[in-house]
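# Here's a sequence, model it:
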Amino acid sequence: MGRHGIAEVLTGAFVLIVAIGFLGYAIAHSGRTTGTGYTLYARFDHIDGLAIGADVSIAGVKVGSVTGERIDPKSFAAIVAMTVRDDIQLPKDSSAEIESESLLGGKYINLSPGGDETNLKPDQTITITQSSISLEQLLGKFIFSITNLNGSKGQSGSGTSPSK
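Prediction:
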């Protein structure tokens, strides 16, 4: 019995060590950054679905992440804080746009570098922004316009049926 108990303990310890190793590997190779870089801000009318931790990218390449969201109490605009890698220097006339990763959701910020000679410094604000486009609002407007189009066709008829 004592010999059997030691084998079970050693097997359990081995399985636990392997599980910790897999966890360490997964964390190390997950693509997450430690948040190094400088902070920039951007002001948007609305940020539907943008979450803290969302990617910040340039030309599809991740260069940072969203680190904070708050409301400006005077203008009621959403102010988003993001980190950008230190090796990326953005011109002052760069723009920020909230885009969808897919139809199922998930938003990220896409940065488009401008052509200005001077660069944004840490804690400055990107002034050219485009807010999130709500798929629900677009579908609602489309359905409303189709309904109005069909309703106006039905009302414009003369009431007589065409003859053959």
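# Can you check which helix is longest in this protein?
helix 2-28 (DSSP state H).
# other SSEs contacting that helix?
Taking 3 or more CB pairs under 8 Å, 6 or more residues apart in numbering; DSSP states H and E as contact, there are no helices or strands that helix 2-28 lies on. C-betas here are computed from N, CA, C, even on glycine.
# Which strands or helices does the helix or strand following it pack on?
The helix or strand immediately downstream of helix 2-28 is strand 38-44, counting by DSSP states H and E. With contacts defined as 3+ CB pairs under 8 Å, 6+ apart, strand 38-44 has these neighbours: strand 78-84, strand 95-102, strand 125-126, strand 128-130.
# could you dump the longest strand along the chain to PDB, C-alpha only?
If you go by DSSP state E, the chain has its longest strand at strand 61-71. Taking Å, rounded to 0.1, in the frame of the first residue of the first chain, the C-alpha atoms of strand 61-71 are listed here in PDB:
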ATOM      1  CA  VAL A  61      -0.400  45.200 -37.200                       C
ATOM      2  CA  LYS A  62      -0.900  45.500 -33.400                       C
ATOM      3  CA  VAL A  63       1.000  48.400 -32.000                       C
ATOM      4  CA  GLY A  64      -0.700  48.900 -28.600                       C
ATOM      5  CA  SER A  65      -3.900  48.500 -26.600                       C
ATOM      6  CA  VAL A  66      -6.700  50.400 -25.100                       C
ATOM      7  CA  THR A  67      -6.000  51.200 -21.500                       C
ATOM      8  CA  GLY A  68      -8.900  53.300 -20.300                       C
ATOM      9  CA  GLU A  69     -12.200  54.900 -21.200                       C
ATOM     10  CA  ARG A  70     -14.000  57.800 -19.600                       C
ATOM     11  CA  ILE A  71     -16.600  60.500 -20.300                       C
END
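# Can you list the neighbours in contact with that strand?
Identification of contacts with strand 61-71 by CB atoms under 8 Å, 6 or more residues apart in numbering yields 31, 33, 35, 37, 39, 47, 50-57, 77-85, 88, 109, 111.
# Filter those down to the buried ones, PyMOL style.
A single PyMOL command is used to select the members of these judged buried by 16 or more other CB atoms under 10 Å:
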select buried, resi 37+47+50+54+55+56+57+77+78+79+80+81+82+83+84+85+88+109+111
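# how many other residues sit next to Pro113?
16 (other CB atoms under 10 Å).
# same thing with Ser132?
A count of nearby residues for Ser132, using other CB under 10 Å, gives 19.
# So for stretch 101-116, mean pLDDT?
Stretch 101-116 comes out with an average pLDDT of 87.
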